[in-house]
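> need coordinates for the following:
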Amino acid sequence: MDSSQQNIIIYKTSDGKASVALYAKDGNIWMNQNQLAELFATSVPNISMHISNILKDGELEQDSVIKDYLTTATDGKEYNVTFYSLDMILAIGFRVRSKRGTQFRIWANKNLKEYMVKGFVMDDERLKN
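Got it, this is the predicted structure:
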């Protein structure tokens with residue numbers, strides 16, 4: 001994803017074991033499968049299985065929750081990478097049924113709505129210290 005056309009939001013897990021970038025672009029929040037696996041402390045094949053089941057069950061429509069973006073890799077080459085919207089991220093979080101999934105949904109409901117309306121989120125706890 002071209003960093004000049006999107007904003008990055010960093011989510012840190014409450015246990016401090018993971019820090020994951022979420023991309024705000026086109027009025028939505030996006031993550032790829034590697035980021036989702038790290039976020040929910042599971043494997044990429046497990047994430048892929050949940051995505052397939054969510055689409056197969058008709059819970060979400062593929063056209064509205066999946067987009068390919070051109071991303072520049074560390075080798076300097078550009079690759080198409082599939083990203084998933086916040087609706088898909090939250091649906092996966094429900095299916096993974098992990099403590100991290102619950103923590104992320106709580107954080108997302110509080111912070112991402114504010115970000116999408118205001119364009120920023122204040123970290124009140126960090127500002128107090």
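> packing partners of the longest helix anywhere in the chain?
In the chain, taking DSSP state H as the definition, the longest helix is helix 99-118. Helix 99-118 sits against strand 7-12, strand 19-25, strand 28-32, helix 86-96, with contacts defined as 3 or more C-beta pairs under 8 Å, 6 or more residues apart in numbering; DSSP states H and E. Bear in mind the C-beta positions are built from the backbone N, C-alpha and C, glycine included.
> adding mean pLDDT, mean neighbour count and distance to Asp63, write those out as TSV.
TSV is the format used below for the helices and strands packed on helix 99-118 (pLDDT from 0 to 100; neighbours: other C-beta atoms under 10 Å; distance: least, C-beta to C-beta, whole Å):
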stretch	mean pLDDT	mean neighbour count	distance to Asp63
strand 7-12	86	13	24
strand 19-25	88	17	17
strand 28-32	93	22	13
helix 86-96	93	20	12
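> let's have the ones you listed in JSON lines, adding distance to Phe104.
Supplementary listing: those in JSON lines, determined by distance: least, C-beta to C-beta, whole Å:
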{"stretch": "strand 7-12", "distance to Phe104": "7"}
{"stretch": "strand 19-25", "distance to Phe104": "9"}
{"stretch": "strand 28-32", "distance to Phe104": "10"}
{"stretch": "helix 86-96", "distance to Phe104": "6"}
